[in-house]
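A.B. asks: 3D, please:
(one chain, ligands or ions: 2)
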Amino acid sequence: MTSIQIQPLDVKAAEAAAKYIDTLTKPQGSLGRLEELAINLAGITQEIFPTVTPPGVLVFAADHGVVEEGVSAFPKSVTAQMALNFLEGGAAINVFSKQIGAQFQLVDIGIATTVQHSELSCRKVRMGTRNFCNEHAMTRNEVEQAIEIGINEATSLINKGIKCLIVGEMGIGNTTSSTALLAALTNHKVEELVGSGTGITSQQLKHKIERIEQALADRQYDVKDPIDILSAFGGLEIAGMVGAMLAAASYRIPIIVDGFICTTAAVFAVQMNELASDYMFASHQSVEPGHRFALSILKKEPLLNLQMRLGEGSGAAIAFPLLHSASLMIKEMATFADAGVANKE
Ligand SMILES: Cc1cc2ncn([C@H]3O[C@H](COP(=O)(O)O)[C@@H](O)[C@H]3O)c2cc1C
Ligand SMILES: O=C(O)c1cccnc1
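C.D. replies: Ligands and ions are numbered 1, 2, ... in the order given. The predicted structure follows:
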């Protein structure tokens, strides 16, 4: 697997941005977290006047063997059907991508059926993961392949000129996979992390908890080895997102992290290289209970709380205009000196 080098934030650029923001025509600190965003963007990009446009939206789609346990409200076939919907522009993420002028790319990293479309990046590692209630979801090699695909897909969008990366996913059953991943990594209680995903009943939720707990007891994995945990519980799209985020951080491209599943991938990316965290912004607070916990591991405060629980990168796309505002604020506002406005005595 390609080794990824990530540099620390440029503290000098961040400090210069902070100082410059204090010369702009507004009371100091009055733009609140927007100022923090601009300062972070400067540290990430090494530019006092950072650019975040155009953004890129990279969505990884794959299936999960664990769906046969009855853990989702929807059948597995919806992953492929939604993939076609993404390719035809009909999904929520398509609408928001268009709204923000993003370059959109869907990657088939492991859908269980063949999907063909001229706009699709076909990078299937396998036809969905294995059912982790019976065996490891993936081999170590499959995880590494999926991470590598994520690195390559993000790199190719970055080479096309995107200045901010939004990562998303589609994979029926992936809230089950994400819950197992976080519980395995942290030993946190499944019942405190688990949620109803696409909308299962309370009866099905009990069953979901029971299946995850049993799998955690049955599978053997090294808690200190994120690739081993990913290979135990999946999924291919989660590993793809890990790779994409590591690549973006290595190119000093800001990353907007989406909801529960994407944040779980972010946690695993940070396990692999802790500097990756400095390049990430948390977009929104998902309704899925494990999301707050995942964000707390990253020590990130979400920008929005819209009671969303969709995934696809939708929350991250909705948060993008805030980063854009932060970058325009520092680029375009007048200073007290330029505008002839009297500063605080
Ligand atoms: C039509 C449809 C569109 C979606 N877009 C994202 N998800 C989201 O729901 C799935 C995870 O929930 P669970 O673990 O309960 O299956 C993922 O595909 C996620 O991206 C969708 C789900 C559905 C049904
Ligand atoms: O927060 C998410 O990303 C999420 C929640 C439920 C279902 N799919 C995704």
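A.B. asks: all strands for the protein, in order.
C.D. replies: Under the criterion DSSP state E, the chain carries strands at the ranges 55-62, 103-110, 120-122, 164-170, 255-257, 280-282.
A.B. asks: and residue 127, how far is that from residue 152?
C.D. replies: In this view, residue 127 and residue 152 are 20 Å apart by Cβ to Cβ, to the nearest Å. C-betas here are computed from N, CA, C, even on glycine.
A.B. asks: look at these two and report which has more neighbours.
C.D. replies: residue 152 (18 against 13; other Cβ atoms under 10 Å).
A.B. asks: including mean neighbour count and mean pLDDT, could the strands of the chain go into CSV?
C.D. replies: Putting the strands of the chain into CSV (neighbours: other Cβ atoms under 10 Å; pLDDT from 0 to 100) gives the following:
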stretch, mean neighbour count, mean pLDDT
strand 55-62, 30, 99
strand 103-110, 25, 99
strand 120-122, 15, 98
strand 164-170, 30, 99
strand 255-257, 29, 99
strand 280-282, 24, 99
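A.B. asks: wait, what's in contact with residue 67?
C.D. replies: By Cβ atoms under 8 Å, 6 or more residues apart in numbering, residue 67 lies in contact with 75, 76, 172, 173, 176.
A.B. asks: and the residue lying closest to the fourth one once chain neighbours are set aside, what does it touch?
C.D. replies: Spelled out, that is residue 173. Nearest non-adjacent residue to residue 173, counting by Cβ to Cβ, 6 or more residues apart in numbering: residue 64, 3.4 Å away. Shown in contact with residue 64 (Cβ under 8 Å, 6+ apart): 76, 128, 129, 137, 171, 172, 173, 174, 176, 177, 234, 235.
A.B. asks: give me the neighbour count for residue 30.
C.D. replies: Residue 30 has 9 neighbouring residues, counting by other Cβ under 10 Å.
A.B. asks: what's it sitting at in phi/psi?
C.D. replies: When read as degrees, to the nearest 10, the backbone of residue 30 gives phi -70, psi -20.
A.B. asks: flag the shaky bits of the chain, pLDDT-wise.
C.D. replies: In the prediction, the chain carries no residues with pLDDT under 70.
A.B. asks: what about the helices in it?
C.D. replies: Assigned by DSSP state H, the chain shows helices spanning 11-21, 32-45, 77-87, 92-99, 140-159, 174-186, 190-193, 202-218, 226-233, 236-250, 260-272, 290-298, 314-332, 336-339.
A.B. asks: buried deepest among these, which one?
C.D. replies: Mean neighbours per residue, mean count of other Cβ atoms under 10 Å, is largest over the helices of the chain for helix 236-250, with a mean of 31.
A.B. asks: CA-only coordinates of that helix in PDB, if you can.
C.D. replies: In PDB, the C-alpha atoms belonging to helix 236-250 read as follows (Å, rounded to 0.1, in the frame of the first residue of the first chain):
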ATOM      1  CA  LEU A 236     -15.200  -1.600   1.400                       C
ATOM      2  CA  GLU A 237     -16.700   1.900   1.100                       C
ATOM      3  CA  ILE A 238     -15.500   2.800   4.600                       C
ATOM      4  CA  ALA A 239     -11.900   1.700   3.700                       C
ATOM      5  CA  GLY A 240     -12.200   3.700   0.500                       C
ATOM      6  CA  MET A 241     -13.200   6.800   2.500                       C
ATOM      7  CA  VAL A 242     -10.200   6.200   4.800                       C
ATOM      8  CA  GLY A 243      -7.800   6.200   1.800                       C
ATOM      9  CA  ALA A 244      -9.500   9.300   0.300                       C
ATOM     10  CA  MET A 245      -9.200  11.300   3.500                       C
ATOM     11  CA  LEU A 246      -5.500  10.300   4.000                       C
ATOM     12  CA  ALA A 247      -4.700  11.400   0.400                       C
ATOM     13  CA  ALA A 248      -6.500  14.700   0.700                       C
ATOM     14  CA  ALA A 249      -4.600  15.500   4.000                       C
ATOM     15  CA  SER A 250      -1.300  14.600   2.300                       C
END
